[in-house]
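Trainee: predicted structure and sequence below. I'll ask about it afterward.
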Amino acid sequence: MKKQELELVAHEILPGLRFYVTRLKYCELHLHIDAEFCLVLDGSGKIHTMQKDTPIKKGDFFYFNSLEAHEVTAVSDKMLIFGVQYSPAILNICDTELMRLRVTEMIPTKCLKKAGIYEYLSDLMIEAGITYFKKENLFALHCMSLINEILYLFLNCVPVIDSRSYDNQSYKLRMNRLKRLLTYIDEHYMERLTIKELAKTEHLSVSRLSHFFQEMLQMSFQTYLSQKRFSRACELLADPACTVTRAAEESGFSSTRYLNQMMYRHLNMSAMEYHYFHKGNLGALHYSGRQDYLCTAEQAREILEQYSAGKSDFLHCLE
């Protein structure tokens, strides 16, 4: 079985909600607690899940359930993706039953067109993204109202199943445990977190938890934790205003020395060299099987506004 990588989704602007625009080349097999709903703005690619490979193209929507492993590869040179990652807790606020729904159609484009809401849903997504990136007065309230309508329309039109209908009770228990563990790590990865502390949260021995991580994720606890810290450090270092010391502290590294060791291991450069190389290129990530360019808020807003206006040259924002 192919190695999976877990992705930490950071909600820096709104709790439980993150919009992004990215030019993606490749993202290796990974999973995260958040569900993810995306629209291909340009280009084509393929999605690999544990079951099959599925092609995607410009205009397609695609959806990943919480903790659904997926790998995305661009086929064309310029695959531009607009997406939203949202915590299942958003649904729990409205109705605890909603958190148990799992979408069974990964590429729901045909379902949405058949229901006659494809264009409207696209417009709502673009409006929500522009609102998110512009951050004007009461933008958070506007974003949440739009995402609620988006999810209402989407979940009403696509095939779903109740996760409680799964026959394998043992699998459900393991997945629930995994969600609790990942949630705890997401909340404490920037601190001095040990596997012993994590084991206590589930009343497990260290050896049992180590086995559980390897069984469920095909990686050790320490590998996962290091990858998450490294991912966050790279994002911080791409910000011209961030220092190497701050990047190390806010991503959970005990010192800049350990951060530099990871940088040399993955990128063959120091943290300072990476910071200088990506200055002004916020979110550019090229490490550990992931290659993408995460647009700045300004770039994302301009791309979405021009895409909404039907302009074909919206990609110039990335040049």
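Mentor: Looks like it arrived, so ask away.
Trainee: so after the strand or helix carrying residue 71, what's the next helix or strand?
Mentor: Assigned by DSSP states H and E, residue 71 belongs to strand 70-74. Next in sequence after strand 70-74, counting helices and strands by DSSP H and E, comes strand 80-86.
Trainee: what angle do strand 70-74 and that following strand make with each other?
Mentor: Per axes from the mean of the first three to the mean of the last three Cα atoms, to 10 degrees, the angle that strand 80-86 makes with strand 70-74 is 160 degrees.
Trainee: now what about strand 80-86, what contacts it?
Mentor: Identification of contacts with strand 80-86 by Cβ atoms under 8 Å, 6 or more residues apart in numbering yields 9, 16-24, 32, 34-43, 72, 125-126, 128-129, 147, 150-151, 300, 303-304, 307, 315, 318. All C-beta spots, glycine's among them, are computed from the backbone N, C-alpha and C.
Trainee: among the residues you listed, which ones are buried?
Mentor: Buried members of those, scored by 16 or more other Cβ atoms under 10 Å, are 9, 16-24, 32, 34-43, 72, 125-126, 128-129, 147, 150-151, 300, 303-304, 307, 315.
Trainee: just confirm residue 273 is within a helix.
Mentor: Yes - applying DSSP: H, G, I helix; E, B strand; the rest coil, one finds residue 273 inside a helix.
Trainee: quick one, what contacts it?
Mentor: So residue 273 contacts residue 263 (Cβ under 8 Å, 6+ apart).
Trainee: which pLDDT does the model give it?
Mentor: pLDDT, residue 273: 83.
Trainee: ditto for residue 319
Mentor: In this model, residue 319 carries a pLDDT of 59.
Trainee: what does residue 113 give?
Mentor: 96.
Trainee: mind checking how far it is from residue 122?
Mentor: Going from residue 113 to residue 122 by Cβ to Cβ, to the nearest Å gives 11 Å.
Trainee: which residues in the chain form strands?
Mentor: Here the chain has its strands, by DSSP state E, at 5-6, 17-31, 35-42, 44-48, 53-57, 61-64, 70-74, 80-86, 101-103, 160-162, 284-287, 290-294.
Trainee: for the residue lying farthest from the centre of the chain, which non-adjacent residue is closest in space?
Mentor: Within the chain, the residue lying farthest from the chain centre (Cα atoms, centre = their mean) is residue 205, at 30.4 Å. Closest residue to residue 205 apart from its sequence neighbours, by Cβ to Cβ, 6 or more residues apart in numbering: residue 199 at 6.4 Å.
Trainee: and the one you found, how many neighbours?
Mentor: As a burial measure, residue 199 scores 19 neighbours (other Cβ atoms under 10 Å).
Trainee: could you check how far it is from residue 252?
Mentor: With Cβ to Cβ as the criterion, residue 199 and residue 252 are 19 Å apart.
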